[in-house]
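# Let me see the structure of the following:
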Amino acid sequence: MTIRPPTGADHPQWRRLWEEYLHFYQQEPDPESTGHLWARLLDDEDPVEGLIAESEGELVGIVHFFPHPDTWQPKPVCYLQDLYVGQPHRGRGLGRSLIQEVVKRAAEAGWSHVYWQTAHDNARARRLYDQLTGGSTEFIVYQLDVTQVGSREANQ
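The predicted structure is shown next:
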């Protein structure tokens, strides 16, 4: 298996994995957003980075991540936003390898740490994440859709 940045020729296989990932989280792929993400992944000037896992000419996994400033320390931190390994390729250490490659790149770049989140019921992934990290933090994630702010305030 090889882990490497994507190239333009990878688009069809990357898109297949991306759409599988979105469906896993019960999301419908948006062609505009997907195209925008792909362009960002290929743009060396954009902070969003991606890696792909390739086995025998087939893309079998993807990861997307980016650094951002942190208010608690001077070094940037790395948010690993998307990680997906195709169903037939799970259980072979590909997810672990993709995370470890992100961590390696973060260390080389001088970033402080890598963090991510997953669904509470993603038990298989959480087993891996617990092995790698020693367990989740005690923080709970909240999300507020900015297009709904006015209507929520009116209902209070």
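# Which residues belonging to the top strand by length along the chain are considered buried?
Longest strand in the chain by number of residues (criterion: DSSP state E): strand 58-68. In terms of neighbour count (16 or more other CB atoms under 10 Å), strand 58-68 has its buried residues at 59-67. No exception for glycine: its C-beta is placed from N, CA and C like everyone else's.
# and that strand, what does it pack onto?
helix 11-24, strand 49-55, strand 77-85, helix 94-109 (3 or more CB pairs under 8 Å, 6 or more residues apart in numbering; DSSP states H and E).
# To Glu32, which of these lies closest?
Proximity to Glu32, assessed across the helices and strands packed on strand 58-68 by CB to CB, is greatest for helix 11-24 (13.3 Å).
# Now do that closest one: everything it contacts.
Helix 11-24 has contacts (CB atoms under 8 Å, 6 or more residues apart in numbering) with 6, 28-29, 34, 37-38, 41, 50, 52, 58-62, 82, 84, 86-87.
# So which residue is dead centre in this protein?
For the chain, Asp82 is the residue whose C-alpha lies nearest the centre (CA atoms, centre = their mean; 1.8 Å).
# Just send the buried residues of strand 58-68 back as TSV, with pLDDT and distance to Tyr21 too.
TSV is the format used below for these (pLDDT from 0 to 100; distance: CB to CB, whole Å):
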residue	pLDDT	distance to Tyr21
Leu59	98	12
Val60	98	12
Gly61	98	10
Ile62	98	7
Val63	98	10
His64	98	10
Phe65	98	14
Phe66	98	17
Pro67	97	21
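# nearest to Leu94, of those residues?
Closest approach between the buried residues of strand 58-68 and Leu94, by CB to CB: Gly61, at 4.7 Å.
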